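Asker: Pasting the sequence and the predicted coordinates here, then a few questions.
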2 protein chains.
Amino acid sequence: MTERPTSRLDRLQRIADHVLREGSVSAGELAQVFGVSLMTVHRDLDELERQGVVRKFRGGVSAQPSSVFESNLLYRLRTATAEKAAIARHARTMIEPGMAVMLDDSTTTLGVAELLGEVTPLTVITNFLRVINATSAQPGVRLIALGGEYYPTHDSFLGVPCIEAIESLRADVLFTSTSAASAGHAYHQEQEIVLVKRAMMRSANRKVLLIDHTKLGGTALHQLAALTDFDDVVVDGGAPADVVRALRESRVNVHVAPLHTD
Amino acid sequence: MTERPTSRLDRLQRIADHVLREGSVSAGELAQVFGVSLMTVHRDLDELERQGVVRKFRGGVSAQPSSVFESNLLYRLRTATAEKAAIARHARTMIEPGMAVMLDDSTTTLGVAELLGEVTPLTVITNFLRVINATSAQPGVRLIALGGEYYPTHDSFLGVPCIEAIESLRADVLFTSTSAASAGHAYHQEQEIVLVKRAMMRSANRKVLLIDHTKLGGTALHQLAALTDFDDVVVDGGAPADVVRALRESRVNVHVAPLHTD
DNA sequence: TAGAGATAACACACTTGTCCGTTAACTACA
DNA sequence: TGTAGTTAACGGACAAGTGTGTTATCTCTA
């Protein structure tokens, strides 16, 4: 049973899904299922292990606990891309030329950063290396980087130096994202990240939470903030209507970004 | 008169040299001299203008004043590469595993950064985006980025936030470079950079100046520090013997890094 | 120590990106 | 408004990078 031919990134994603579904599988089985050689499977598994999604052992691989790989940047970059793009487009409309915009280290805000060339001049403040590299090349964007200790899993800078840098700045608007939201609160699984996000919220006049619908209803270890602490919450059009209604009833200012369904 | 075929980077460098020598030339003349089409010349000149080396006007191009393009990163990257590599190899021997190494935003220290994989584990502190990107991928290197406002001409972060971040850290060794050294002092043409370099010197136990011999004997607008303020000064083997002797007589601790002449 | 599983080394196909010239359209200036 | 100078658009040549399979070598472990 060989599946349809496709790109390597697709196959990596599908192998990851397969491993997560099965719990653990052998390399030989994967080679058969995906119609590639054993060598290629091993290379793919090495890559997924490097990304922190699976764990290899002699004879096969097994899935990592979700709390580990959900923090992983490359995994997050592949997830809910259409939803994030829709949310980013909506967030972009909240930005006026001349503003100081703060962006945290999330793949959703990365989408926002890529649209910033449209509203120059602009000041961008961020601790996310991907955003730094994306905006450093853009004319008309004044970039202020938040320093700190580099965390490879997030590709961003965190820790005390980062928080101190945030505290000495003031932004017009903050775009932030988180890994889960439910019961009126936003959650994140990592202490370091929570501390930085909270500092960012204290230093911004307007606080906007960007969250795709796949994260609604979940929780994570640390409570970040109440949803009413944000001035705006942007979700994509895939969010269930009753969830949106419930949020609005609890006085959360929800925006729904329509998905481009083509 | 068409010259020998070569890579584009070579031609860019030689066009830049040609323009600097002549002062100003026409696009047509350059096309003839370098044996390429007019269109290619225009593209090269656009690139050089973007880099800040030349200025275009209708009918040709003219050179920028040296004070402008000497600050330019891409120009500096192409200059004295062999000397910088030799100096970096020598600097590398001053680093032991476990150290906290501070690197400023100069092309010479970029050479040092590329060798750091050999002496892990290591902590690297820098405000230079190129070093950040180079070391963020290296396992065994703990990276601490200094934030601040991004300066495209240097590809680094400067300003008050950067200086404050430096002041709250302490490094075992600092490698720094500058644009000129003579009469017992090091010089640099930009105020912002000087302030950051001075802060770095205050935060490092051992201060090492890396300077290739093409910069010896020059000066620039701002005085950075006395050469005796550095614990070590590393020059390449191209430095004239009498200059080295004079430095030693004024109690500067000079190291000469041999050039690999093959 | 034999064999299953894993890795290293090499070669090839394919994709991607870069560089460059031609042609045509555009623009500033006399 | 004509013309020299410039830019935009297209396509081909080439180099570099990526992905893959085959074969050979290595390494666990039963």
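Answerer: Now that the structure is in, tell me what you want to look at. Numbering: from 1, shown residues only, chains lettered A, B, ... in the order given.
Asker: ok, and the closest non-adjacent residue to the residue of chain A found nearest chain B?
Answerer: Nearest residue of chain A to chain B: A:Gly147, at 3.3 Å (CB to the nearest CB). Where you see a C-beta, it was placed from the backbone N, CA and C, and this is true even at glycine. Nearest residue to A:Gly147, sequence neighbours excluded (CB to CB, 6 or more residues apart in numbering or on different chains): B:Gly147, at 3.3 Å.
Asker: which phi and psi does the one you found have?
Answerer: Backbone torsions for B:Gly147, taken as degrees, to the nearest 10, come to phi -80, psi -170.
Asker: now swap in A:Ala113 and tell me
Answerer: Here is the backbone geometry of A:Ala113 (degrees, to the nearest 10): phi -60, psi -40.
Asker: what's around it, how many residues?
Answerer: A:Ala113 is flanked by 23 other residues according to other CB atoms under 10 Å in any protein chain shown.
Asker: List the contacts of it.
Answerer: With contacts defined as CB atoms under 8 Å, 6 or more residues apart in numbering or on different chains, A:Ala113 is in contact with A:103, A:124, A:126, A:128, A:130-131, A:134-135.
Asker: farthest pair in those?
Answerer: Farthest pair in the contacts of A:Ala113 (CB to CB) is A:Val124 and A:Arg130. Separation: 12.4 Å.
Asker: Of the two, give the one with the bigger neighbour count.
Answerer: Legend: neighbour count by other CB under 10 Å for A:Val124 and A:Arg130, higher for A:Val124 (25 against 20).
Asker: who does the helix or strand encompassing the more buried one touch, helix- and strand-wise?
Answerer: Per DSSP states H and E: A:Val124 is located in strand A:122-126. Contact here means 3 or more CB pairs under 8 Å, 6 or more residues apart in numbering or on different chains; DSSP states H and E; on that basis strand A:122-126 packs against strand A:100-103, helix A:107-113, helix A:129-136, strand A:141-145.
Asker: so A:Val33 touches A:Arg21, yeah?
Answerer: No: the pair formed by A:Val33 and A:Arg21 falls short of the contact definition of CB atoms under 8 Å, at 11.6 Å.
Asker: Name the residues contacting each of these two.
Answerer: Applying CB under 8 Å, 6+ apart, one finds that no residue jointly contacts A:Val33 and A:Arg21.
Asker: Please say which of these two ends up with more neighbours.
Answerer: Of the pair A:Val33 and A:Arg21, A:Val33 is the one with more neighbours under other CB under 10 Å, namely 16 against 9.
Asker: distance of the more buried one from DNA strand D?
Answerer: Distance from A:Val33 to DNA strand D, counting by CB to the nearest atom of the strand, to the nearest Å: 13 Å.
Asker: Then A:Leu116?
Answerer: Distance, A:Leu116 to DNA strand D, using CB to the nearest atom of the strand: 22 Å.
Asker: Just to check, that residue is in contact with A:Glu96?
Answerer: No: counting by CB under 8 Å, A:Leu116 stays clear of A:Glu96, with 11.9 Å between them.
Asker: Who has more neighbours out of those two?
Answerer: Neighbour totals were compared for A:Leu116 and A:Glu96, and A:Leu116 leads with 20 against 11 (other CB under 10 Å).
Asker: And the more buried one, its phi and psi?
Answerer: When read as degrees, to the nearest 10, the backbone of A:Leu116 gives phi -70, psi -20.
Asker: How much space separates A:Gly98 from B:Pro161?
Answerer: Distance, A:Gly98 to B:Pro161, using CB to CB, to the nearest Å: 20 Å.
Asker: ok, those two, which is more surrounded?
Answerer: B:Pro161 (24 against 11).
Asker: State whether that one is indeed within a helix.
Answerer: Yes: assessed with DSSP: H, G, I helix; E, B strand; the rest coil, B:Pro161 lies in a helix.
Asker: hang on, isn't it packed against A:Ile166?
Answerer: No: between B:Pro161 and A:Ile166 there is no contact under CB under 8 Å: 9.9 Å.
Asker: Using the three-state scheme, assign A:Glu47.
Answerer: A:Glu47 is classified as helix under three-state DSSP.
Asker: check contacts around it.
Answerer: Contacts for A:Glu47 (CB under 8 Å, 6+ apart) come out as A:Leu12.
Asker: per-residue confidence at it?
Answerer: At A:Glu47, the predicted lDDT confidence score is 90.
Asker: And for A:Leu9?
Answerer: pLDDT for A:Leu9: 84.
Asker: count of neighbours near it?
Answerer: Neighbours around A:Leu9, by other CB under 10 Å: 10.
Asker: Then A:Ser182?
Answerer: A:Ser182 has 15 neighbours, counted by other CB under 10 Å.
Asker: List the residues that contact it.
Answerer: A:Ser182 makes contact with A:216-219 under the criterion CB under 8 Å, 6+ apart.
Asker: How much space separates the residue of the stretch 101-250 of chain A found nearest DNA strand C from B:Tyr150?
Answerer: When distances are taken as CB to the nearest atom of the strand, the stretch 101-250 of chain A reaches nearest to DNA strand C at A:Ala137, 12.6 Å away. To B:Tyr150, A:Ala137 is 10 Å away according to CB to CB.
Asker: The two: which has the busier surroundings?
Answerer: B:Tyr150 (22 against 10).
Asker: My guess is that one contacts A:Leu146. True?
Answerer: No: applying CB under 8 Å, one finds B:Tyr150 not in contact with A:Leu146, separated by 11.5 Å.
Asker: What is the least confident helix or strand in chain A?
Answerer: Every helix and strand of chain A was ranked by mean pLDDT, DSSP states H and E. The lowest is helix A:66-69, at a mean of 68.
Asker: tally of neighbours for the closest residue in space to A:Ser62 that isn't next to it in sequence?
Answerer: Spatially, and ignoring its direct neighbours in sequence, A:Ser62 is nearest to A:Ser24 (3.6 Å; CB to CB, 6+ apart). A:Ser24: 13 surrounding residues under other CB under 10 Å.
Asker: Let's see the pLDDT reported for A:Ser24.
Answerer: 90.
Asker: ok, now which ones touch it?
Answerer: Residues counted as contacts of A:Ser24 (CB under 8 Å, 6+ apart) are A:60-63.
Asker: who's in contact with the strand or helix carrying A:Glu149?
Answerer: Secondary structure from DSSP H and E places A:Glu149 in strand A:148-151. Residues outside strand A:148-151 that contact it (CB under 8 Å, 6+ apart): A:127, A:129, A:156-163, A:165, A:192, B:132, B:136, B:142-145, B:147.
Asker: Show the buried residues in those.
Answerer: Among these, the ones that count as buried by 16 or more other CB atoms under 10 Å in any protein chain shown are A:127, A:129, A:156-159, A:161-163, A:165, A:192, B:132, B:136, B:143-145, B:147.
Asker: Tell me the buried residues in stretch A:105-117?
Answerer: Buried residues in stretch A:105-117, counted by 16+ other CB under 10 Å: A:105-114, A:116.
Asker: Would you check the residues you listed and say which has the weakest pLDDT?
Answerer: Among the buried residues of stretch A:105-117, pLDDT bottoms out at A:Glu114, giving 86.
Asker: Would you quantify the distance from that residue to A:Arg14?
Answerer: Taken as CB to CB, the span from A:Glu114 to A:Arg14 is 26 Å.
Asker: the helices in the stretch 151-262 of chain A, which residues?
Answerer: In the stretch 151-262 of chain A, the helices defined using DSSP state H, counting those that start in this stretch lie at A:160-167, A:191-202, A:241-249.
Asker: do you know how far whichever residue of chain A sits closest to DNA strand C is from B:His18?
Answerer: Nearest residue of chain A to DNA strand C (CB to the nearest atom of the strand) works out as A:Ala27 at 4.1 Å. Counting by CB to CB, the gap between A:Ala27 and B:His18 amounts to 59 Å.
Asker: Equivalent analysis for A:Ser156, please.
Answerer: Note on A:Ser156: its distance to B:His18, by CB to CB, is 44 Å.
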